[in-house]
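J.: For reference, the sequence and a predicted model appear below.
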Amino acid sequence: RKEVEQDPGPFNVPEGATVAFNCTYSNSASQSFFWYRQDCRKEPKLLMSVYSSGNEDGRFTAQLNRASQYISLLIRDSKLSDSATYLCAVFPSGGGADGLTFGKGTHLIIQP
Amino acid sequence: DAGITQSPRYKITETGRQVTLMCHQTWSHSYMFWYRQDLGHGLRLIYYSAAADITDKGEVPDGYVVSRSKTENFPLTLESATRSQTSVYFCASSESRFLVTDTQYFGPGTRLTVL
């Protein structure tokens, strides 16, 4: 099983809709979880840290499910500008990589 | 507020040549990281540094060398470039090591092509 897995998509979603994606991780001892946004040919930018109790930032909500070992990202009232690749990151991953381990990303396309 | 910068932004080199990618941050962050991003693999950690003169290997360190003589700089050297090292390289920095309350900032990336 890969350490951090995401559905690569693409998710094609109409503007204004709600979209959610998950990210599963294999190490039950993982402590820190993050969602990053990456636009085409740009650097990743931190979107949200994921707290144990879940957290919300405007239209974005992140949740952590330790029992099932996944984190989720919910985007409400999606905008065209939300089109991007969303990367989840976990630390530690348990795979020997002594740093943040990233998923390969979920590609989101918001359609007008 | 320069933040974190990388140079060069684009580089084409030939197999066997030595290449150095530069990374500079203005926040005095303790931690700095080098990642490479490839289609099909996502972002992978090459090396990281907890402070000046302290470096450690990440997931894919082979063929790379790093140094950190000053807090603000973290150069990555490919000692003898190979085609498999063609990639986009991102430098990143953070105040701490992956605390959930912390933020890891990425530089704009260097696109390296090895012919």
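T.: Sure, I can see it. Numbers count the residues shown, from 1 in each chain, chains lettered A, B, ... in the order given.

J.: element containing the closest residue to B:Val60 other than its chain neighbours, please.
T.: Nearest residue to B:Val60, sequence neighbours excluded (CB to CB, 6 or more residues apart in numbering or on different chains): B:Arg44, at 5.0 Å. Backbone N, C-alpha and C define where each C-beta goes, glycine included. According to DSSP states H and E, B:Arg44 maps onto strand B:42-51.

J.: Pairing partners for that strand, with directions?
T.: strand B:31-38 (antiparallel), strand B:54-57 (antiparallel) (DSSP bridges).

J.: out of the ones you listed, deepest packed?
T.: strand B:31-38 (a mean of 24; mean count of other CB atoms under 10 Å in any protein chain shown).

J.: Contacts for that one next, please.
T.: A:99-100, B:21, B:23, B:25, B:43-50, B:58, B:60, B:64, B:66, B:68, B:74, B:76, B:85, B:87-97, B:104, B:109 (CB atoms under 8 Å, 6 or more residues apart in numbering or on different chains).

J.: counting contacts, what elements does the helix or strand of chain A with the lowest mean pLDDT pack onto?
T.: In chain A, no helix or strand scores lower on mean pLDDT, DSSP states H and E than strand A:101-102, which sits at a mean of 88. Strand A:101-102 sits against strand A:84-91, strand B:42-51, with contacts defined as 3 or more CB pairs under 8 Å, 6 or more residues apart in numbering or on different chains; DSSP states H and E.

J.: change it to 6 Å
T.: For strand A:101-102, the packing partners by 3 or more CB pairs under 6 Å, 6 or more residues apart in numbering or on different chains; DSSP states H and E come out as strand A:84-91.

J.: send the alpha carbons of the strand it packs on over as PDB?
T.: What follows is strand A:84-91, C-alpha atoms only, in PDB (Å, rounded to 0.1, in the frame of the first residue of the first chain):
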ATOM      1  CA  ALA A  84      -6.000  23.500  -9.700                       C
ATOM      2  CA  THR A  85      -4.400  20.300  -8.400                       C
ATOM      3  CA  TYR A  86      -4.900  19.600  -4.700                       C
ATOM      4  CA  LEU A  87      -2.100  17.800  -2.900                       C
ATOM      5  CA  CYS A  88      -2.400  16.300   0.500                       C
ATOM      6  CA  ALA A  89       0.700  15.900   2.700                       C
ATOM      7  CA  VAL A  90       1.400  13.800   5.800                       C
ATOM      8  CA  PHE A  91       4.100  13.700   8.400                       C
END
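
J.: Are that strand and chain B in contact anywhere?
T.: Yes: looking at strand A:84-91 against chain B by CB under 6 Å from any CB of the partner chain, the contacts come from A:Phe91.

J.: Which neighbours in the sheet does that strand have, and how are they oriented?
T.: For strand A:84-91, pairing defined by DSSP bridges yields strand A:32-38 (antiparallel), strand A:101-102 (antiparallel), strand A:106-111 (antiparallel).

J.: Apart from its neighbours in sequence, what residue is nearest the residue most central in space within chain B?
T.: For chain B, B:Trp34 is the residue whose C-alpha lies nearest the centre (CA atoms, centre = their mean; 2.7 Å). With sequence-adjacent residues excluded and distances taken as CB to CB, 6+ apart, B:Trp34 is closest to B:Ile46, at 4.3 Å.

J.: what sits against that neighbour?
T.: Contact analysis of B:Ile46 by CB atoms under 6 Å, 6 or more residues apart in numbering or on different chains lists B:Trp34, B:Arg36, B:Gly58, B:Val60, B:Pro61, B:Tyr64.

J.: Alright, I will stop here.
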